[in-house]
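[1] Quick check, what structure comes out for this input:
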Amino acid sequence: MKHIHAGKVRDLYEDGDTLLLVASDRVSVYDVVLPTAIPDKGALLTQLSNWWFEFLGDIPNHVVSATDVPVEFAGRGIRVKPLKMVQVECIARGYLVGSGLKEYQQVGSVSGVALPPGLCEGDKLPEPIFTPTTKASEGHDEPITFADVVNQEGREVAEQLRDLTLTIYSRGAEHAAGRGVIVADTKVEFGWDGDTLALGDEVLTSDSSRFWPADEWEPGRPQRSFDKQFVRDWSTSTGWNKEYPGPEIPADIVEATRRKYMEAYELITGQTWNGVRA
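    Numbering: from 1, shown residues only. Model (predicted):
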């Protein structure tokens, strides 16, 4: 195998005509990899993604096998098809939070989508919206509009990206709601498998989505989360300037983060987490 790419939290290996996508226990916030790992994080993300790939099985994806991987990658690696990735980060939002909230407060819209006046943090939107961003190789992704995606990819492809993103979000959110979890927003990525747009990378995980406990949802304030937002909030509270290097994560925050990832996995899948599984 040839190691061909090291992302912030994932590594990519070339193995014949397939690739091995391996999720590490590294954690990245504000595009900076923090120096402390979260035990089991890579396996939890991989296995939650695998569960969703099966749930969304009628949507083409890059998975070749979740089990045919070298033993050292068992549970946190998947064998995938190489895709020609679309240079758009596809985001669906069902609730007003994060960068979407900030943009709304400034201009009354998010990525060019006008929203009703008077919304507050955590409000449910009238309907889910597509709010894409650039896919920056370095630095931060920047918000773009649907019209920008049309200019970059053409109208037919832009509409496919939008419709697939909103379908994945809506179906995922409906399932999660039945398990007591709100999916506030999510990010997905697509690539070309020949002439077919296929879902790649990860899907509906605690790194790519905001998960909230439904019975605690209360608009007008920050929500308790089952996702990486917990680490973001902690890192901000330290006074860190969001530049490299990031702060070491204390043991209690590491364990609390691990529990949140486990809680999301167990609630959504209905399965008990028993550690890394081949």
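[2] which one's the longest strand in the chain?
    strand 181-193 (DSSP state E).
[3] now that strand, how far from the chain's geometric center?
    Relative to its parent chain, strand 181-193 has a centroid offset of 6 Å by CA atoms, centre = their mean, to the nearest Å.
[4] Quick one: list the elements packing against that strand.
    strand 84-85, strand 90-95, helix 155-178, strand 196-200, strand 209-213, helix 251-269 (3 or more CB pairs under 8 Å, 6 or more residues apart in numbering; DSSP states H and E). Placement of C-beta: from N, CA and C, glycine included.
[5] Kindly recompute the last result at 6 Å.
    strand 84-85, strand 90-95, helix 155-178, strand 196-200, strand 209-213 (3 or more CB pairs under 6 Å, 6 or more residues apart in numbering; DSSP states H and E).
[6] tell me what the last one is packed against?
    Right, the one you point to is strand 209-213. Using 3+ CB pairs under 6 Å, 6+ apart, strand 209-213 sits against strand 181-193.
[7] Quick one: work out the angle between the strand it packs on and strand 209-213.
    160 degrees (axes from the mean of the first three to the mean of the last three CA atoms, to 10 degrees).
[8] ok, and what's touching strand 181-193?
    Outside strand 181-193, the residues that touch it by CB atoms under 6 Å, 6 or more residues apart in numbering are 81, 83-86, 89-93, 95, 97, 165, 168-169, 172-173, 176, 197-198, 200-201, 203-204, 208-212, 214, 217, 267.
[9] Taking strand 90-95 as reference, get the angle to it.
    170 degrees.
[10] so what strands line up beside strand 181-193?
    strand 84-85 (antiparallel), strand 90-95 (antiparallel), strand 196-200 (antiparallel), strand 209-213 (antiparallel) (DSSP bridges).
[11] Could you list the low-pLDDT ranges of the chain?
    137-139, 276-278 (pLDDT under 70).
[12] make it 80
    136-141, 275-278 (pLDDT under 80).
[13] Just give the nearest non-adjacent residue to the residue most central in space within it, would you?
    The residue lying closest to the centre of the chain (CA atoms, centre = their mean) is residue 208, at 1.1 Å. Distance criterion CB to CB, 6 or more residues apart in numbering; nearest residue to residue 208, sequence neighbours excluded, is residue 187 at 4.8 Å.
[14] Please apply the same query to residue 25.
    Nearest residue to residue 25, sequence neighbours excluded (CB to CB, 6+ apart): residue 37, at 3.9 Å.
[15] wait, is that neighbour part of a helix?
    No. Under DSSP: H, G, I helix; E, B strand; the rest coil, residue 37 falls outside any helix and is assigned coil.
[16] what about residue 230, is that helix, strand or coil?
    Residue 230 ends up helix, using three-state DSSP.
[17] among the strands paired with strand 181-193, which is nearest residue 258?
    Residue 258 lies closest to strand 209-213 among these, at 14.9 Å (CB to CB).
[18] just the angle between that closest one and helix 251-269, please?
    Using the same axes, to 10 degrees: strand 209-213 against helix 251-269 is 90 degrees.
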